[in-house]
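J.: okay, here's the prediction I keep looking at, along with the sequence it came from:
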Amino acid sequence: MTQQTDQLSATFAALADPTRRAIVARLAEGEATVGELAAPFDLSLPAVSKHLKVLQRAGLVEQGRQAQWRPCRLNPEPLRDVQGWLDRYREFLGERYDRLDEYLRELQDTGKEQHDAGHPTG
């Protein structure tokens, strides 16, 4: 297993939880304190801190220190790794969709030919 695969596993595991995905979405808007991150949830500050620790271990969140304030911020690098991994499959999926489009066009053409054969014009 490569280091990138291990990082992907950690990223996907961290993002498997909807609360953590919501925290990442909030941090994509800018830095926030633990209290600010906890506000929209019916969770205690320690529970939110546990979610943040999972995100930090995955490298998705960094916590700074400015006097008494410890702002959390998103580290986008693990998300870029996920994007790169997904991009490898995008071409495959695109080819599949192109083949489906072609098949549907063939079905439409065949249906039109059959319809036209049953209804002579003139």
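T.: Yes, it's here.
J.: now do the helices in the protein.
T.: Per DSSP state H, the chain carries helices over the ranges 3-15, 18-27, 34-38, 45-57, 77-118.
J.: and the last one, what does it pack onto?
T.: Translated: helix 77-118. Other helices and strands packing on helix 77-118, by 3 or more C-beta pairs under 8 Å, 6 or more residues apart in numbering; DSSP states H and E, are helix 3-15. For glycine as for every other residue, the C-beta is placed from the backbone atoms N, C-alpha and C.
J.: ok, and for the helix it packs on, which residues are buried?
T.: Buried residues in helix 3-15, counted by 16 or more other C-beta atoms under 10 Å: 7-8, 10-11, 14-15.
J.: what does it contact?
T.: Helix 3-15 has contacts (C-beta atoms under 8 Å, 6 or more residues apart in numbering) with 20-21, 24, 54-55, 57-60, 78-79, 81-82, 85.
J.: could you turn the buried ones of those residues into a ChimeraX selection?
T.: Selection command for ChimeraX covering only the buried members of those, criterion 16+ other C-beta under 10 Å:
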select :20,24,54,55,58,59,60,78,79,81
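J.: save the contacts of helix 3-15 as JSON lines, and put in pLDDT and distance to D98 too.
T.: Listed next are the contacts of helix 3-15 as JSON lines, based on pLDDT from 0 to 100; distance: C-beta to C-beta, whole Å:
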{"residue": "R20", "pLDDT": "97", "distance to D98": "35"}
{"residue": "R21", "pLDDT": "96", "distance to D98": "31"}
{"residue": "V24", "pLDDT": "96", "distance to D98": "33"}
{"residue": "V54", "pLDDT": "97", "distance to D98": "39"}
{"residue": "L55", "pLDDT": "97", "distance to D98": "37"}
{"residue": "R57", "pLDDT": "95", "distance to D98": "40"}
{"residue": "A58", "pLDDT": "96", "distance to D98": "35"}
{"residue": "G59", "pLDDT": "96", "distance to D98": "36"}
{"residue": "L60", "pLDDT": "97", "distance to D98": "34"}
{"residue": "P78", "pLDDT": "95", "distance to D98": "31"}
{"residue": "L79", "pLDDT": "93", "distance to D98": "28"}
{"residue": "D81", "pLDDT": "91", "distance to D98": "27"}
{"residue": "V82", "pLDDT": "91", "distance to D98": "24"}
{"residue": "W85", "pLDDT": "88", "distance to D98": "22"}
